[in-house]
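Enquirer: give the three-dimensional model of this entry:
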Amino acid sequence: MSGLRRTLCVITMLAALAGCDRSPKPNARATEPPAPVVNVEWTKYVDEFVDGYFRAHPSFAVAQGKHEFDGQMPDWSAEGIKKEIARLEQMRAKAVGFKDDSLMPEERFQRDYVVSRIDNDLFALRDMRQPFTNPAWYFDSGLDPSTYVTTPYAPADQRARAFIAYVKQVPNALEQIKANLQLPLPRTFIDFGVASFGGFVDFYRNDVPQAFAEIPDDLKKELTAAIEPAAVAMEDFAKWLESQRATANDNYALGPERFAAMLRMTENVDVPLEKIEAIGRADLERNLSALNEACKAFAPGAKIEECVARVKADKPEGGAVAGARAQLETIKKYILDHDIVSIPGTEEAKVEAAPAYRRQNFAYINIPGPFEKELPSVYYIAPPDPKWSKAEQDEYIPGKADLLFTSIHEVWPGHFLQFLHSNRSPWRFGQLFVGYAFAEGWAHYGEELMIEHGIAATEPELHIGQLLNALLRNVRYMCAIGLHTQGMTVAQCEQMFKEKAFQDAGNARQQAARGTYDPGYLNYTLGKLMIRKLRDDWSGSRGGREAWKLFNDEFLSYGGPPIPLVRSQMMPGPAGELF
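Expert: Numbers count the residues shown, from 1 in each chain. The predicted structure is shown next:
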């Protein structure tokens, strides 16, 4: 069901449970306890948690549209991080203190959702100690100022003043980061840090003034004066990271126990690693087999490598950004014409080139939070690294078929559509906190969903484009397990991306390195497999394929909790196996 329909359903359920319909039941006893009512203390707790989270993570609050936090930065000192861990542990204890018999079924689900979110943060801060070991952690934890620069939530002068308040705090934030990072660092972490922190220098000096070109001259002077110390601090920090290369190591692996803990605490997946690996390997082989069949239809007699090269050689006219812009309207129309999933709104996504500090992955999308209204989302596509050879830069630009499924993943029916639904969730918490496997699993599931609805029925090259995206995620899955639990090297992972996912040299390098500092990137395939299994189980008693749209809408109505929690709601009683 859609978000609106689910709101009505919840209201109906609350009314019934609160005693609006008290017709006597057969053989009911006079002493039967009254029906439970909404737990006011639970509602107060959730409000307290969200308010506290905004104060501890003001950049997160700003991204959600809470602009009373504009310009504020988190406390990244060691003491500040220690306080945040203590706050989360205290809030977790309060949440689990709400016992089942004091909560309605919907509230029990909400409690488990909140606890899962707390566990997710505790794993990153307390168990994985990311602020002290991983420079990449800071980019998604408050360092990125893109909301002020690229989201037109207010007039340019108001956003410029917020950016000035933010950028004035950057030198101190970098001092905290430098004090936190425990040396030596893994080589790939240094590579990421040098490129990303260094990328801020150009962003501050070039992109930001261009974005605020229309502001008054006196404010421009203030902006320039605030930017330069931050740019210099970023430049110096990147140089400092570069100076650590001489002592860098390859000690990035979590180890089997912490990797299993990551799956359990961040995604509620408590499955033996041996089974996790086996299901991923089986999906890799399934997609390799499908690629072989698709290539027989597209390029009979050609080797798979030749077939893939032919598909990749058909580049989008005008480059990847122009190509993606041309694709979005066609994809949306296909979803509507084939009644695949509801589109709850009229919002559209723009396509732009990624800023310099966010080019460690080919594509991503920036979607305004639920407190924003009528604002555009931006699907960003990274250009090739100018330091690469001309041949590698040319190869980095995807073929039209490959790009089509990147656009499907990022926009229709992927992330953009998913957040249109989550932003309309009847529960504010579900709008704010969307998990890794839920979001990436849905977007990856959406790619194959379009194939199942026939988008490549007469064009096998499009199926090849989808399979190349699937194989990329399959190899991420296998590398995450290999790098962190089996002693796989970055070079071995890079080779696997070339041989099994048919990636070019530049993408293979980026993807292998990402696996060291983002072990959760197996969640694309992990999430997809859980969603597909849930769809099969749920629709099996509801008409099969005819029920897929109902499944898609209801799945998206939950916001973004760990997928096992969604399964517990959609499959009441014994929920069955995740995979």
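Enquirer: next one: stretch 462-471 to chain centre, how far?
Expert: 20 Å (CA atoms, centre = their mean, to the nearest Å).
Enquirer: which strand or helix spans residue 380?
Expert: strand 377-381 (DSSP states H and E).
Enquirer: show me how far the helix or strand just after that strand is from its chain's centre.
Expert: Once strand 377-381 ends, the next helix or strand along the chain (criterion: DSSP H and E) is helix 390-396. Helix 390-396 sits 27 Å away from the centroid of its parent chain (CA atoms, centre = their mean).
Enquirer: show me which residues of helix 390-396 are buried.
Expert: By neighbour count with 16 or more other CB atoms under 10 Å, helix 390-396 contains the buried residues 392, 393, 395, 396. For every residue, glycine as well, the C-beta is placed using N, CA and C.
Enquirer: so the last one sits against residue 388, correct?
Expert: Yes. In this structure, residue 396 sits in contact with residue 388. The criterion is CB atoms under 8 Å, and the distance is 7.2 Å.
Enquirer: C-terminal to the helix or strand bottoming out on mean pLDDT in the chain, what's the next element?
Expert: Between all helices and strands in the chain, the lowest mean by mean pLDDT, DSSP states H and E belongs to helix 3-17, at a mean of 32. Going down the chain from helix 3-17, the next helix or strand is helix 40-56, by DSSP H and E.
Enquirer: picking that back up, the strand holding residue 380 packs against which elements?
Expert: The elements that strand 377-381 packs onto, with contact taken as 3 or more CB pairs under 8 Å, 6 or more residues apart in numbering; DSSP states H and E, are helix 320-337, strand 349-353, strand 363-366, helix 415-422.
Enquirer: so which of those is nearest residue 224?
Expert: Judged by CB to CB, the one of these that comes nearest to residue 224 is strand 349-353, at 23.6 Å.
Enquirer: got the contact list for residue 397?
Expert: 315, 316, 319, 320, 384 (CB atoms under 8 Å, 6 or more residues apart in numbering).
Enquirer: got phi/psi on it?
Expert: The phi/psi pair for residue 397 (degrees, to the nearest 10) reads phi -70, psi 120.
Enquirer: swap in the one 5 residues further on?
Expert: Listed backbone geometry of residue 402 is phi -60, psi -50, with angles given as degrees, to the nearest 10.
Enquirer: how many other residues sit next to residue 345?
Expert: If you count neighbours by other CB atoms under 10 Å, residue 345 ends up with 13.
Enquirer: actually, residue 421.
Expert: Residue 421 has 28 neighbouring residues, counting by other CB under 10 Å.
Enquirer: and what of the one 3 residues further on?
Expert: By the other CB under 10 Å criterion, the neighbourhood of residue 424 contains 20 residues.
Enquirer: can you list the low-confidence ranges for the stretch 301-450 of the chain?
Expert: By pLDDT under 70, the stretch 301-450 of the chain has no low-scoring segment.
Enquirer: can we see that at 90?
Expert: 345-346, 355-362, 373-376, 385-388, 394 (pLDDT under 90).
Enquirer: same question, the chain
Expert: Ranges of the chain meeting pLDDT under 90: 1-38, 140, 150-151, 345-346, 355-362, 373-376, 385-388, 394, 572-576.
Enquirer: next, the angle helix 320-337 makes with the strand holding residue 380.
Expert: Strand 377-381 and helix 320-337 meet at an angle of 130 degrees, taking axes from the mean of the first three to the mean of the last three CA atoms, to 10 degrees as the criterion.
Enquirer: pull the residues that contact strand 377-381.
Expert: Residues outside strand 377-381 that contact it (CB under 8 Å, 6+ apart) are 150, 320-321, 324, 328, 347-355, 358, 362-368, 407, 410-411, 416, 419.
Enquirer: out of these, which are buried?
Expert: Among the contacts of strand 377-381, those that count as buried by neighbour count (16+ other CB under 10 Å) are 150, 320-321, 324, 328, 347, 349, 351, 354-355, 358, 362-363, 365-368, 407, 410-411, 416, 419.
Enquirer: tell me which element the residue nearest to residue 173 when sequence neighbours are not counted falls in.
Expert: Spatial nearest neighbour of residue 173, excluding adjacent residues (CB to CB, 6 or more residues apart in numbering): residue 73 at 5.6 Å. Using DSSP H and E, residue 73 is not contained in any helix or strand.
Enquirer: OK, contacts around residue 73?
Expert: Per CB under 8 Å, 6+ apart, neighbours of residue 73: 58, 59, 142, 166, 169, 170, 173.
Enquirer: surely the fourth one is in contact with residue 71?
Expert: Yes. With contact taken as CB under 8 Å, residue 166 and residue 71 are classed as touching, separated by 5.1 Å.
Enquirer: would you mark the buried spots in stretch 421-437?
Expert: Buried-residue list, stretch 421-437, by 16+ other CB under 10 Å: 421-427, 429-437.
Enquirer: that older thread, give the pairing partners of the strand holding residue 380; include direction for each.
Expert: Each strand paired with strand 377-381, and its direction, by DSSP bridges: strand 349-353 (parallel), strand 363-366 (antiparallel).
Enquirer: possible to save those as JSON lines with distance to residue 517?
Expert: What follows is the strands paired with strand 377-381, written out as JSON lines (distance: least, CB to CB, whole Å):
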{"stretch": "strand 349-353", "distance to residue 517": "24"}
{"stretch": "strand 363-366", "distance to residue 517": "16"}
